[in-house]
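**Q** 3D model of this:
(chains A, B, C and D, ligands or ions: 2)
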Number of protein chains: 2
Amino acid sequence: MFSKTTEYALRATIFIAQKSSETNKLGIEEISNAIDSPKSFTAKILQALTKNNNVVSSVRGPNGGFFITEKAKKLPVRAILKAMGEEDVLDKCVLGLKQCSEMQPCPMHAQYKPIKKQLKELFGTKTIQQLAADIKDGVVFINNKK
Amino acid sequence: MFSKTTEYALRATIFIAQKSSETNKLGIEEISNAIDSPKSFTAKILQALTKNNNVVSSVRGPNGGFFITEKAKKLPVRAILKAMGEEDVLDKCVLGLKQCSEMQPCPMHAQYKPIKKQLKELFGTKTIQQLAADIKDGVVFINNKK
DNA sequence: AATATTAAAGACAAAATTATCTTTAAATAT
DNA sequence: ATATTTAAAGATAATTTTGTCTTTAATATT
Ligand code: FES
Ligand code: FES
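**A** Ligands and ions are numbered 1, 2, ... in the order given. Down below sits the predicted model:
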(Lines give C-alpha, C1' and ligand atoms only; values in the text may rest on other atoms or scores of the structure.)
(Ligands and ions follow the chains in the order given, each with its own letter.)
Protein backbone atom coordinates (compact mmCIF):
# COMPACT_ATOMS: atom_id res chain seq x y z
CA MET A 1 0.00 0.00 0.00
CA PHE A 2 2.64 2.52 1.05
CA SER A 3 6.35 2.79 0.33
CA LYS A 4 8.88 1.81 3.00
CA THR A 5 9.63 5.49 3.38
CA THR A 6 6.06 6.29 4.27
CA GLU A 7 5.70 3.25 6.52
CA TYR A 8 8.70 4.40 8.54
CA ALA A 9 7.35 7.94 8.58
CA LEU A 10 4.04 6.74 9.98
CA ARG A 11 5.59 4.52 12.63
CA ALA A 12 8.19 7.10 13.65
CA THR A 13 5.66 9.88 13.96
CA ILE A 14 3.25 7.81 15.99
CA PHE A 15 6.06 6.66 18.26
CA ILE A 16 7.35 10.19 18.79
CA ALA A 17 3.84 11.36 19.55
CA GLN A 18 3.52 8.74 22.21
CA LYS A 19 6.91 9.02 23.91
CA SER A 20 8.03 12.60 23.51
CA SER A 21 7.19 16.07 24.69
CA GLU A 22 8.80 19.51 24.44
CA THR A 23 10.77 18.63 27.56
CA ASN A 24 11.58 15.04 26.65
CA LYS A 25 12.90 14.75 23.16
CA LEU A 26 13.87 11.55 21.44
CA GLY A 27 17.13 10.77 19.64
CA ILE A 28 17.26 9.13 16.24
CA GLU A 29 18.88 6.08 17.78
CA GLU A 30 16.01 5.52 20.16
CA ILE A 31 13.38 6.11 17.49
CA SER A 32 14.83 3.84 14.83
CA ASN A 33 15.40 1.14 17.40
CA ALA A 34 11.83 1.37 18.69
CA ILE A 35 10.21 1.18 15.29
CA ASP A 36 12.76 -1.30 13.88
CA SER A 37 13.96 0.78 10.94
CA PRO A 38 17.36 1.67 9.44
CA LYS A 39 18.79 4.54 11.47
CA SER A 40 20.26 6.86 8.84
CA PHE A 41 17.38 6.36 6.50
CA THR A 42 14.94 7.18 9.26
CA ALA A 43 16.95 10.32 10.00
CA LYS A 44 16.38 11.46 6.43
CA ILE A 45 12.69 10.79 6.72
CA LEU A 46 12.42 12.77 9.94
CA GLN A 47 14.25 15.61 8.23
CA ALA A 48 11.50 15.66 5.63
CA LEU A 49 8.80 15.54 8.29
CA THR A 50 10.29 18.50 10.15
CA LYS A 51 11.04 20.54 7.06
CA ASN A 52 8.44 20.25 4.30
CA ASN A 53 5.56 20.22 6.63
CA ASN A 54 5.68 20.79 10.33
CA VAL A 55 4.46 17.48 11.55
CA VAL A 56 7.54 16.75 13.64
CA SER A 57 9.74 19.27 15.45
CA SER A 58 13.42 19.00 16.31
CA VAL A 59 16.27 20.76 18.03
CA ARG A 60 19.98 20.04 17.75
CA GLY A 61 22.57 19.80 20.46
CA PRO A 62 22.63 18.23 23.92
CA ASN A 63 19.22 17.13 25.11
CA GLY A 64 18.05 17.80 21.62
CA GLY A 65 16.07 15.41 19.49
CA PHE A 66 12.65 15.01 18.00
CA PHE A 67 9.26 15.78 19.47
CA ILE A 68 5.76 16.71 18.41
CA THR A 69 3.83 19.72 19.56
CA GLU A 70 0.37 19.38 21.06
CA LYS A 71 -0.96 21.17 18.04
CA ALA A 72 0.70 18.78 15.59
CA LYS A 73 -0.60 15.80 17.52
CA LYS A 74 -4.09 16.85 16.52
CA LEU A 75 -3.27 16.53 12.83
CA PRO A 76 -4.89 13.69 10.92
CA VAL A 77 -2.66 10.78 9.92
CA ARG A 78 -3.10 12.02 6.40
CA ALA A 79 -0.80 14.94 7.22
CA ILE A 80 2.06 12.44 7.43
CA LEU A 81 1.25 11.10 3.97
CA LYS A 82 1.08 14.63 2.67
CA ALA A 83 4.45 15.53 4.14
CA MET A 84 5.93 12.46 2.45
CA GLY A 85 4.34 13.35 -0.86
CA GLU A 86 2.37 10.12 -0.91
CA GLU A 87 -1.07 11.54 -0.26
CA ASP A 88 -2.13 10.60 -3.77
CA VAL A 89 -2.33 6.92 -2.83
CA LEU A 90 -5.76 7.72 -1.43
CA ASP A 91 -6.94 9.23 -4.69
CA LYS A 92 -5.33 7.03 -7.30
CA CYS A 93 -7.10 4.64 -9.61
CA VAL A 94 -6.64 1.09 -8.37
CA LEU A 95 -5.82 -0.05 -11.92
CA GLY A 96 -3.40 2.80 -12.50
CA LEU A 97 -5.43 4.95 -14.89
CA LYS A 98 -4.07 8.48 -15.04
CA GLN A 99 -7.01 9.71 -13.08
CA CYS A 100 -9.77 8.15 -11.09
CA SER A 101 -12.99 9.77 -12.18
CA GLU A 102 -16.67 9.19 -12.65
CA MET A 103 -16.37 10.30 -16.25
CA GLN A 104 -13.97 7.56 -17.30
CA PRO A 105 -14.08 4.97 -14.54
CA CYS A 106 -11.98 1.81 -14.71
CA PRO A 107 -13.68 -1.59 -14.42
CA MET A 108 -13.06 -1.70 -10.67
CA HIS A 109 -14.05 1.88 -9.91
CA ALA A 110 -17.63 1.28 -8.84
CA GLN A 111 -16.64 -1.47 -6.44
CA TYR A 112 -13.50 0.23 -5.19
CA LYS A 113 -15.12 3.59 -4.61
CA PRO A 114 -16.73 2.86 -1.23
CA ILE A 115 -13.50 1.27 0.00
CA LYS A 116 -11.51 4.28 -1.08
CA LYS A 117 -13.98 6.49 0.70
CA GLN A 118 -13.41 4.64 3.94
CA LEU A 119 -9.65 4.85 3.50
CA LYS A 120 -9.83 8.59 3.01
CA GLU A 121 -12.15 8.88 5.96
CA LEU A 122 -9.80 6.89 8.15
CA PHE A 123 -6.67 8.81 7.23
CA GLY A 124 -8.48 12.10 7.20
CA THR A 125 -10.11 11.93 10.61
CA LYS A 126 -7.97 9.70 12.82
CA THR A 127 -5.40 11.89 14.51
CA ILE A 128 -1.79 11.15 15.34
CA GLN A 129 -2.69 11.64 18.97
CA GLN A 130 -5.43 9.05 18.90
CA LEU A 131 -3.14 6.40 17.47
CA ALA A 132 -0.41 7.20 19.96
CA ALA A 133 -2.84 6.88 22.85
CA ASP A 134 -3.46 3.25 22.02
CA ILE A 135 0.23 2.44 22.24
CA LYS A 136 0.36 4.12 25.61
CA ASP A 137 -2.44 1.85 26.75
CA GLY A 138 -0.30 -1.10 25.71
CA VAL A 139 -2.94 -2.57 23.46
CA VAL A 140 -1.07 -2.02 20.22
CA PHE A 141 2.51 -2.28 18.99
CA ILE A 142 4.78 -0.18 16.82
CA ASN A 143 7.07 -3.07 15.88
CA ASN A 144 6.96 -6.83 15.99
CA LYS A 145 10.53 -7.95 15.76
CA LYS A 146 10.97 -11.28 17.43
CA MET B 1 -1.57 0.52 -3.91
CA PHE B 2 -0.08 -1.77 -6.54
CA SER B 3 3.17 -1.67 -8.52
CA LYS B 4 3.16 -0.53 -12.14
CA THR B 5 3.81 -4.13 -13.06
CA THR B 6 0.65 -5.31 -11.35
CA GLU B 7 -1.40 -2.41 -12.67
CA TYR B 8 -0.42 -3.33 -16.23
CA ALA B 9 -1.12 -6.99 -15.48
CA LEU B 10 -4.60 -6.17 -14.27
CA ARG B 11 -5.44 -3.89 -17.19
CA ALA B 12 -3.96 -6.26 -19.78
CA THR B 13 -5.77 -9.28 -18.42
CA ILE B 14 -9.10 -7.51 -18.25
CA PHE B 15 -8.65 -6.19 -21.77
CA ILE B 16 -7.72 -9.59 -23.16
CA ALA B 17 -10.71 -11.11 -21.42
CA GLN B 18 -12.97 -8.62 -23.09
CA LYS B 19 -11.56 -8.64 -26.60
CA SER B 20 -10.15 -12.08 -27.20
CA SER B 21 -11.23 -15.65 -27.67
CA GLU B 22 -9.55 -18.90 -28.70
CA THR B 23 -10.28 -17.95 -32.29
CA ASN B 24 -9.42 -14.28 -32.05
CA LYS B 25 -6.13 -13.73 -30.28
CA LEU B 26 -4.56 -10.38 -29.53
CA GLY B 27 -1.03 -9.26 -30.34
CA ILE B 28 1.19 -7.48 -27.85
CA GLU B 29 1.07 -4.33 -29.96
CA GLU B 30 -2.69 -4.15 -29.78
CA ILE B 31 -2.80 -4.89 -26.09
CA SER B 32 -0.16 -2.41 -24.97
CA ASN B 33 -1.71 0.24 -27.16
CA ALA B 34 -5.18 -0.38 -25.76
CA ILE B 35 -4.12 -0.22 -22.12
CA ASP B 36 -1.54 2.54 -22.70
CA SER B 37 1.50 0.69 -21.39
CA PRO B 38 5.10 0.18 -22.57
CA LYS B 39 5.09 -2.59 -25.14
CA SER B 40 8.14 -4.67 -24.27
CA PHE B 41 7.53 -4.36 -20.59
CA THR B 42 3.97 -5.52 -21.03
CA ALA B 43 5.24 -8.48 -23.05
CA LYS B 44 7.32 -9.54 -20.04
CA ILE B 45 4.34 -9.24 -17.78
CA LEU B 46 2.17 -11.34 -20.08
CA GLN B 47 4.93 -13.92 -20.13
CA ALA B 48 4.64 -14.16 -16.37
CA LEU B 49 0.87 -14.38 -16.53
CA THR B 50 1.01 -17.24 -19.02
CA LYS B 51 3.81 -19.09 -17.29
CA ASN B 52 3.67 -18.96 -13.49
CA ASN B 53 -0.01 -19.32 -13.31
CA ASN B 54 -2.33 -20.00 -16.17
CA VAL B 55 -4.33 -16.84 -16.14
CA VAL B 56 -3.52 -15.91 -19.72
CA SER B 57 -2.85 -18.27 -22.63
CA SER B 58 -0.76 -17.67 -25.72
CA VAL B 59 0.37 -19.21 -28.98
CA ARG B 60 3.19 -18.13 -31.24
CA GLY B 61 3.24 -17.69 -34.98
CA PRO B 62 0.86 -16.22 -37.52
CA ASN B 63 -2.55 -15.50 -36.08
CA GLY B 64 -1.01 -16.17 -32.72
CA GLY B 65 -1.27 -13.94 -29.71
CA PHE B 66 -2.83 -13.84 -26.28
CA PHE B 67 -6.23 -14.98 -25.14
CA ILE B 68 -8.03 -16.20 -22.06
CA THR B 69 -9.92 -19.42 -21.75
CA GLU B 70 -13.50 -19.47 -20.55
CA LYS B 71 -12.30 -21.28 -17.47
CA ALA B 72 -9.66 -18.65 -16.65
CA LYS B 73 -12.20 -15.88 -17.11
CA LYS B 74 -14.00 -17.24 -14.10
CA LEU B 75 -10.96 -16.71 -11.87
CA PRO B 76 -11.15 -13.96 -9.27
CA VAL B 77 -9.11 -10.82 -9.91
CA ARG B 78 -6.97 -11.96 -7.04
CA ALA B 79 -5.53 -14.67 -9.30
CA ILE B 80 -3.80 -11.92 -11.27
CA LEU B 81 -2.23 -10.55 -8.11
CA LYS B 82 -1.13 -14.03 -7.17
CA ALA B 83 0.46 -14.66 -10.55
CA MET B 84 2.38 -11.40 -10.16
CA GLY B 85 3.52 -12.32 -6.66
CA GLU B 86 1.78 -9.31 -5.18
CA GLU B 87 -1.05 -11.06 -3.45
CA ASP B 88 0.43 -10.09 -0.08
CA VAL B 89 -0.71 -6.49 -0.51
CA LEU B 90 -4.08 -7.65 0.70
CA ASP B 91 -2.63 -9.14 3.87
CA LYS B 92 0.09 -6.69 4.80
CA CYS B 93 0.10 -4.41 7.80
CA VAL B 94 -0.72 -0.89 6.71
CA LEU B 95 2.14 0.47 8.83
CA GLY B 96 4.60 -2.14 7.55
CA LEU B 97 4.88 -4.37 10.60
CA LYS B 98 6.34 -7.74 9.68
CA GLN B 99 2.98 -9.33 10.13
CA CYS B 100 -0.53 -8.10 10.55
CA SER B 101 -2.02 -9.98 13.47
CA GLU B 102 -4.48 -9.74 16.30
CA MET B 103 -1.74 -10.68 18.73
CA GLN B 104 0.47 -7.69 18.01
CA PRO B 105 -1.72 -5.23 16.13
CA CYS B 106 -0.35 -1.88 14.97
CA PRO B 107 -2.13 1.34 15.99
CA MET B 108 -4.19 1.35 12.80
CA HIS B 109 -5.08 -2.32 12.78
CA ALA B 110 -8.49 -2.11 14.41
CA GLN B 111 -9.64 0.63 12.05
CA TYR B 112 -8.00 -0.81 8.96
CA LYS B 113 -9.26 -4.34 9.51
CA PRO B 114 -12.77 -3.86 8.10
CA ILE B 115 -11.38 -2.03 5.08
CA LYS B 116 -8.90 -4.80 4.44
CA LYS B 117 -11.69 -7.30 4.69
CA GLN B 118 -13.62 -5.52 1.96
CA LEU B 119 -10.53 -5.35 -0.24
CA LYS B 120 -9.98 -9.08 0.11
CA GLU B 121 -13.64 -9.71 -0.54
CA LEU B 122 -13.56 -7.56 -3.66
CA PHE B 123 -10.46 -9.14 -5.15
CA GLY B 124 -11.46 -12.60 -4.04
CA THR B 125 -14.97 -12.70 -5.47
CA LYS B 126 -15.08 -10.35 -8.46
CA THR B 127 -14.08 -12.35 -11.52
CA ILE B 128 -12.06 -11.30 -14.53
CA GLN B 129 -15.11 -12.00 -16.65
CA GLN B 130 -17.33 -9.68 -14.65
CA LEU B 131 -14.92 -6.78 -15.02
CA ALA B 132 -14.51 -7.41 -18.75
CA ALA B 133 -18.27 -7.42 -19.24
CA ASP B 134 -18.52 -3.84 -18.05
CA ILE B 135 -16.02 -2.68 -20.68
CA LYS B 136 -18.02 -4.47 -23.33
CA ASP B 137 -21.06 -2.53 -22.19
CA GLY B 138 -19.09 0.65 -22.75
CA VAL B 139 -19.65 1.94 -19.25
CA VAL B 140 -16.04 1.71 -18.13
CA PHE B 141 -12.61 2.35 -19.60
CA ILE B 142 -9.28 0.55 -19.58
CA ASN B 143 -7.23 3.68 -20.29
CA ASN B 144 -7.76 7.40 -20.18
CA LYS B 145 -5.07 8.87 -22.35
CA LYS B 146 -6.16 12.14 -23.79
C1' DA C 1 11.23 -26.72 -47.55
C1' DA C 2 11.30 -21.77 -47.19
C1' DT C 3 9.36 -17.71 -45.42
C1' DA C 4 6.69 -14.86 -42.50
C1' DT C 5 4.65 -13.99 -38.11
C1' DT C 6 4.36 -14.09 -33.53
C1' DA C 7 5.56 -14.81 -28.46
C1' DA C 8 9.55 -16.48 -25.39
C1' DA C 9 13.87 -15.76 -23.54
C1' DG C 10 17.79 -13.25 -22.47
C1' DA C 11 20.82 -9.37 -22.02
C1' DC C 12 21.00 -4.86 -20.97
C1' DA C 13 19.91 -0.02 -19.34
C1' DA C 14 17.56 3.74 -16.98
C1' DA C 15 15.26 5.38 -13.11
C1' DA C 16 13.47 5.19 -8.58
C1' DT C 17 13.71 3.48 -4.00
C1' DT C 18 16.11 2.21 -0.06
C1' DA C 19 20.13 2.61 2.60
C1' DT C 20 24.82 4.14 4.54
C1' DC C 21 28.44 7.15 5.70
C1' DT C 22 30.77 11.61 6.25
C1' DT C 23 30.85 16.41 7.06
C1' DT C 24 28.61 20.53 8.76
C1' DA C 25 25.94 23.40 11.76
C1' DA C 26 23.35 24.36 15.81
C1' DA C 27 22.65 24.16 20.69
C1' DT C 28 24.13 23.16 25.24
C1' DA C 29 27.17 22.48 29.03
C1' DT C 30 31.73 23.11 30.99
C1' DA D 1 35.76 30.17 24.57
C1' DT D 2 35.94 25.19 24.15
C1' DA D 3 34.26 20.86 23.96
C1' DT D 4 30.33 17.89 23.51
C1' DT D 5 26.06 16.46 21.77
C1' DT D 6 22.78 16.24 18.57
C1' DA D 7 20.23 16.85 14.03
C1' DA D 8 20.94 18.77 9.10
C1' DA D 9 22.99 18.37 4.85
C1' DG D 10 25.50 16.17 1.39
C1' DA D 11 27.73 12.50 -1.10
C1' DT D 12 27.58 7.94 -2.37
C1' DA D 13 26.12 3.12 -2.91
C1' DA D 14 23.10 -0.97 -3.17
C1' DT D 15 18.88 -2.76 -4.60
C1' DT D 16 14.57 -2.94 -6.85
C1' DT D 17 11.52 -1.46 -10.25
C1' DT D 18 10.64 -0.15 -14.71
C1' DG D 19 11.79 -0.23 -19.33
C1' DT D 20 14.20 -1.49 -24.03
C1' DC D 21 16.34 -4.18 -27.42
C1' DT D 22 18.09 -8.40 -29.61
C1' DT D 23 18.01 -13.20 -30.44
C1' DT D 24 15.57 -17.54 -30.35
C1' DA D 25 11.82 -20.72 -30.89
C1' DA D 26 7.32 -22.00 -32.27
C1' DT D 27 3.54 -21.96 -35.61
C1' DA D 28 1.34 -21.13 -39.80
C1' DT D 29 1.29 -20.05 -44.71
C1' DT D 30 3.24 -20.38 -49.27
S1 FES E 1 -11.03 4.94 -12.15
FE2 FES E 1 -10.07 3.22 -11.34
S3 FES E 1 -10.57 3.35 -9.27
FE4 FES E 1 -11.58 5.08 -10.08
S1 FES F 1 -1.07 -5.01 12.30
FE2 FES F 1 -1.07 -3.22 11.12
S3 FES F 1 -2.81 -3.49 9.90
FE4 FES F 1 -2.83 -5.28 11.11
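
**Q** tally up the residues packed near the spatially closest residue to residue A:94 that is not a sequence neighbour, please.
**A** Take residue A:94 and drop its neighbours on the chain: the residue closest to it by CB to CB, 6 or more residues apart in numbering or on different chains is residue A:112, 4.8 Å away. C-beta here means a position set from N, CA and C on the backbone, and glycine is covered the same way. By other CB atoms under 10 Å in any protein chain shown, 23 other residues sit near residue A:112.

**Q** so residue A:112 sits right up against residue B:121, yeah?
**A** No: assessed by CB atoms under 8 Å, residue A:112 is found out of contact with residue B:121, at 11.7 Å.

**Q** now the farthest one out in chain A, which residue is it?
**A** residue A:103 (31.7 Å; CA atoms, centre = their mean).

**Q** so which bits of chain A are right by DNA strand C?
**A** For chain A, the residues in contact with DNA strand C (CB under 7 Å from any atom of the strand) are A:3-5, A:8, A:37-41, A:43-44, A:59-64.

**Q** the helix or strand of chain A with the lowest mean pLDDT close to ligand 2?
**A** Least confident helix or strand of chain A, by mean pLDDT, DSSP states H and E, is helix A:128-136 with a mean of 89. No: Helix A:128-136 lies apart from ligand 2 when judged by CB under 6 Å from any ligand atom; the minimum separation is 10.9 Å.

**Q** and residue A:61, which of the three is it?
**A** With DSSP: H, G, I helix; E, B strand; the rest coil as the basis, residue A:61 sits in coil.

**Q** just want the angle from the helix or strand where residue A:16 lies to helix A:128-136.
**A** Counting by DSSP states H and E, the element that carries residue A:16 is helix A:4-19. Using axes from the mean of the first three to the mean of the last three CA atoms, to 10 degrees, the inter-axis angle of helix A:4-19 relative to helix A:128-136 is 70 degrees.

**Q** residues in contact with helix A:4-19?
**A** For helix A:4-19, contacts defined as CB atoms under 8 Å, 6 or more residues apart in numbering or on different chains pick out A:2, A:26, A:31-32, A:34-35, A:37, A:41-42, A:45-46, A:48-49, A:55-56, A:66-68, A:73, A:77, A:80-81, A:83-84, A:86, A:128-129, A:131-133, A:135-136, A:142-143, B:95-96, B:106-107.

**Q** distance between the helix or strand following that helix and the chain's centre?
**A** Per DSSP H and E, the first helix or strand lying C-terminal to helix A:4-19 is helix A:28-35. Computed by CA atoms, centre = their mean, to the nearest Å, the chain-centroid distance of helix A:28-35 equals 15 Å.

**Q** pLDDT on helix A:28-35, on average?
**A** For helix A:28-35, the per-residue pLDDT values average out at 97.

**Q** what's the answer for stretch A:104-114, then?
**A** On average, stretch A:104-114 scores 96.

**Q** contacts for that stretch?
**A** With CB under 8 Å, 6+ apart, stretch A:104-114 has contacts from A:93-95, A:97, A:100, A:102, B:11, B:14, B:77, B:118, B:122, B:126, B:131-132, B:134-135, B:139-142, B:144.

**Q** good, we can wrap up now.
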